[in-house]
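[1] what's the 3D shape of this:
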Amino acid sequence: MEPRLSFVTLGVADVARARAFYERLGFKASSASQKTVAFFDAGGIVLSVFGRKDLANDAHVADSVPGFSGVALAHNVRTEDEVARVLAEAEAAGGTVVKPAQDTFWGGHAGYFADPDGHLWEVAYNPFMTLDADGRPTLPYDEPPIEPSDDDIANILRSSRTFAVVGASDNPTRPSYGVMGFLKAKDYVVIPVNPTLEGRTIHGEPVLSDLAAIERPVDVVDVFRRPEAALDAVRAAIREKDRLGIKTVWMQIGVINEIAAAEARAAGLTVVMDRCPKIEYPRLLR
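    Here you go, the predicted model:
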């Protein structure tokens, strides 16, 4: 079998109604369409609507109606703003928005609508998957990123002078507290960052609310956040990298977020992940 998809056929209760819905959304019905079936070009794949009972009979299966079919079609767009616009167009055409446009757990922006027969469509902005001139997604097949070697990490520790510690804690039992103390003892400048502790001091250093509040150069942003929260911290580092001269994003042991790492690398930052400078320093810089 050649690895390609030719048709997506939706079983519908009323072919004329379904055809009108998709035409209102901008799909053009082919002249091959008939009263019992309609065909639309969907960027190289044919979308067809066919009577639900007829489709079941054709496949020799029972026409059951589950609450969720386990299938969703998708329409990718080029910007976040387009997600809400397309959902509004679908609603105006007679569809139902079942999930408004919102940020996703995987780092994109998306929402869902259902057509008049309940078929789900995801409308998505995926910053990690580009669209070609015809709107077709280009799947990445890059080699896995090369992790920094021991020499790379040693060079980072030698050349860096200032660490901004995102998620800093004033609790001596927390790892960030110990790491900050270690870095200070090795003559690094340490800037604690934590909005909930703003105005307090940790190891004698005033706590700032975020990276945007820092007014001196920073070499390394050291992230002590839950893995799912690391993306926000890394995106803040990307926003401030030129102003502060940030060169490295360092995610601590257990802080593993491949999306955050990919965005940082794409922005030209070096990424160290699932490591701790308090461990690497004595190991590499004896």
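[2] how close does the closest residue in space to Val98 that isn't next to it in sequence sit to Ala13?
    Excluding the flanking residues, the one nearest Val98 by C-beta to C-beta, 6 or more residues apart in numbering is Tyr112, at 4.9 Å. Heads up, the C-betas are built off the backbone N, CA and C, glycines and all. Distance from Tyr112 to Ala13, counting by C-beta to C-beta, to the nearest Å: 20 Å.
[3] that older thread, any idea how many residues pack against the residue nearest to Val98?
    The local packing count at Tyr112 equals 20, with neighbours defined by other C-beta atoms under 10 Å.
[4] now do the buried residues in stretch 249-262.
    249-252, 255, 257, 259-262 (16 or more other C-beta atoms under 10 Å).
[5] columns pLDDT and secondary structure on top of those residues, output as CSV?
    Written out in CSV, the entries for the buried residues of stretch 249-262 read as follows (pLDDT from 0 to 100; DSSP: H, G, I helix; E, B strand; the rest coil):
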residue, pLDDT, secondary structure
Val249, 98, strand
Trp250, 98, strand
Met251, 97, strand
Gln252, 96, coil
Val255, 95, coil
Asn257, 92, coil
Ile259, 88, helix
Ala260, 92, helix
Ala261, 93, helix
Ala262, 89, helix
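[6] quick one: stretch 242-261 to chain centroid distance?
    Between the mean C-alpha point of stretch 242-261 and the mean C-alpha point of its chain there is a distance of 15 Å (C-alpha atoms, centre = their mean, to the nearest Å).
[7] can you measure across it, start residue to end residue?
    As for stretch 242-261, its first-to-last residue distance stands at 18 Å under the measure C-alpha to C-alpha, to the nearest Å.
[8] ok, now stretch 101-116?
    With C-alpha to C-alpha as the measure, what separates the two termini of stretch 101-116 is 20 Å.
[9] hmm, who's touching it?
    Contacts to stretch 101-116, defined as C-beta atoms under 8 Å, 6 or more residues apart in numbering, come from residues 10, 12, 14, 17-18, 21-22, 72, 80, 83-84, 87, 90-91, 94-100, 120-128, 228, 231, 259, 263.
[10] let's see that with 6 Å instead.
    Residues from elsewhere that reach stretch 101-116, judged by C-beta atoms under 6 Å, 6 or more residues apart in numbering: 17, 21, 80, 83-84, 87, 90, 94-100, 120-126, 259.
[11] please apply the same query to stretch 236-253.
    With C-beta under 6 Å, 6+ apart as the test, stretch 236-253 has contacts from 156, 211, 217-224, 230, 234, 264, 267, 269-274, 276.
[12] which ones among these map onto strands?
    Where the contacts of stretch 236-253 overlap with strands, as defined by DSSP state E, the overlap consists of 220-223, 270-273.
[13] can you say which of those residues are buried?
    By neighbour count, with 16+ other C-beta under 10 Å, those hold 220-223, 270-273 as buried.
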